[in-house]
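S.K.: Model the following, please.
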Amino acid sequence: MQTFSNQQIKPIMTDTLALARALIARRSLTPDDAGCQEILIERLERIGFIVERMRFGNVDNFWAKRGIDSPVVVFAGHTDVVPTGPAESWFSPPFEPTLRDDMLFGRGAADMKTSLAAFVTAIEAFVEAHPTHKGSIALLITSDEEGVAVDGTVRVVEALQARGEKLDYCIVGEPTSNKLVGDMIKNGRRGSLNGTLIVKGIQGHIAYPHLLKNPIHSAAPAIAELAATTWDEGNKYFPPTSWQISNINGGTGATNVVPGTVDILFNFRFSTASTEQSLKDRVHAILDKHHVQYNLQWELSGKPYITPKGSLVEAISRAIEKSYGITPELSTSGGTSDGRFIADICPQVIEFGPLNATIHKLNECVAVADIEPLKLTYQHTLENLLCK
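M.R.: Numbers count the residues shown, from 1 in each chain. Okay, the predicted model is just below:
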């Protein structure tokens, strides 16, 4: 069993660490912001940001901007966190930021309140050093990333798009690092397409097969073909598209009754080598080929996007090398993020943040030693983009 010392360390209390602790102390379970955004807004307004609070439904968001010129560098993130799980199973209360064994513990420490703190302190340091910098700096912050994500970033993006806001670069502070902070940048994400398939049959007594139609049997050959299909080969940025069933439900619970329907939930994680429509068309063709009677409802939860090597990737890569001494790898692995919405109005979107090893887990944490270099990475990225 792993044990931890009760001795509290006394790290240097930097502005970034102090701000991260202040945010973690707020019980901002999605979609409740719990006052986190006001902490950030107060500091941003002090250094000349114009802040627009954008509340949609029960979700708090804000758009803050300093400057009116291009290029526009945006930092994007979320103040909401996932539920803690059983609080008694944590080493310390999840909303009491705790320093132990050179680590900062608390829900949201990695995902992603430390990144938010680093955004703000990096911008403060940059503005102090370069008060007349070229271009503009902006922040897009939501409290609806960990939830249903319908009244958060997507709504802010729609509002910005409607009034013609032009964004050039966006850094999302998601925890992207794998083994060492700085080892991975996400320069794109796969799309996510969900299907709810209801296969129809005729319910009846299992002893009279001539009087019924078993929907499970009807679906099986089609499922086998769908599972064996190569949807695409991927490309230099993405692995091949995958199709996976997540749930199958059919039957009455009795052993002698054939069900009238079987419900199947499935998901595509797809690359830019396929389109939403091409995947839909191929699924329908396979179902029709096997003479399946069905209803199928689709939901697109995210389009794929990619930011090739260019000015933003180069700027943050050099900043990571300077701050952490590591050359980062580019990756499109993992799930979705709010980058999928921002990519609709911003040509270059990347994600970079702390280690992802403890996100959504009990005892979520970040290494204290990694916090100040994260702030410096964001600061150096601004310098690389706005001080040429």
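
S.K.: In contact with the closest residue to Val181 other than its chain neighbours, which residues?
M.R.: Closest residue to Val181 apart from its sequence neighbours, by CB to CB, 6 or more residues apart in numbering: Asp370 at 4.5 Å. C-beta here means a position set from N, CA and C on the backbone, and glycine is covered the same way. Residues in contact with Asp370, defined by CB atoms under 8 Å, 6 or more residues apart in numbering, are 181, 354-355.

S.K.: Let me know the secondary structure of Asp370.
M.R.: helix (DSSP: H, G, I helix; E, B strand; the rest coil).

S.K.: Could you tell me the model confidence score at it?
M.R.: Listed pLDDT for Asp370 reads 97.

S.K.: do the same with Met13
M.R.: pLDDT, Met13: 83.

S.K.: again, but for Gln8
M.R.: 47.

S.K.: same thing with Gln203?
M.R.: pLDDT, Gln203: 97.

S.K.: Quickly note the distance from it to Asp263.
M.R.: In this view, Gln203 and Asp263 are 14 Å apart by CB to CB, to the nearest Å.

S.K.: Does Ala76 lie in a helix or a strand, and which?
M.R.: strand 72-78 (DSSP states H and E).

S.K.: which intervals of the chain have sub-threshold pLDDT?
M.R.: 1-11 (pLDDT under 70).

S.K.: in the chain, which residue is closest to the centre?
M.R.: Ser337 (2.4 Å; CA atoms, centre = their mean).

S.K.: Verify the stated contact: that one with Arg189.
M.R.: Yes: the criterion here is CB atoms under 8 Å, and Ser337 meets it with Arg189 at 6.2 Å.

S.K.: Now do the helices in the stretch 251-388 of the chain.
M.R.: Along the stretch 251-388 of the chain, the stretches classed as helices by DSSP state H, counting those that start in this stretch are 276-289, 311-324, 339-342, 368-386.

S.K.: Can you add distance to Ala222 and give these back as a markdown table?
M.R.: Shown next, in a markdown table, are the helices of the stretch 251-388 of the chain (distance: least, CB to CB, whole Å):
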| stretch | distance to Ala222 |
| --- | --- |
| helix 276-289 | 5 |
| helix 311-324 | 42 |
| helix 339-342 | 29 |
| helix 368-386 | 48 |
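
S.K.: The ones you listed: which one's closest to Ser70?
M.R.: Comparing the helices of the stretch 251-388 of the chain by their distance to Ser70 (CB to CB), the top pick is helix 368-386, with 10.4 Å.

S.K.: coming back round to it: list the contacts for the residue nearest to the centre of the chain?
M.R.: Counting by CB under 8 Å, 6+ apart, Ser337 has contacts 145, 172, 174, 186, 189, 351.

S.K.: Please type out the ChimeraX selection for whichever of the residues you listed turn out to be buried.
M.R.: With 16 or more other CB atoms under 10 Å as the criterion, this ChimeraX line picks the buried residues out of the contacts of Ser337:
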select :145,172,174,186,189,351
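
S.K.: Ile137: which of the contacts of Ser337 is nearest?
M.R.: Closest to Ile137, out of all of those and judged by CB to CB, is Val172, at 15.0 Å.

S.K.: so what's the residue lying closest to that closest one once chain neighbours are set aside up against?
M.R.: Leaving aside its chain neighbours, Val172 sits nearest to Glu351 (4.3 Å; criterion: CB to CB, 6+ apart). Applying CB under 8 Å, 6+ apart, we find Glu351 in contact with 171-174, 176, 185-186, 337, 339.

S.K.: Among those residues, name the ones in strands.
M.R.: 171-172, 185-186 (DSSP state E).

S.K.: Note down every partner strand of the helix or strand where Val51 lies and its orientation.
M.R.: Val51 belongs to strand 50-56 when assigned by DSSP H and E. The pairing partners recorded for strand 50-56 under DSSP bridges are strand 59-66 (antiparallel).
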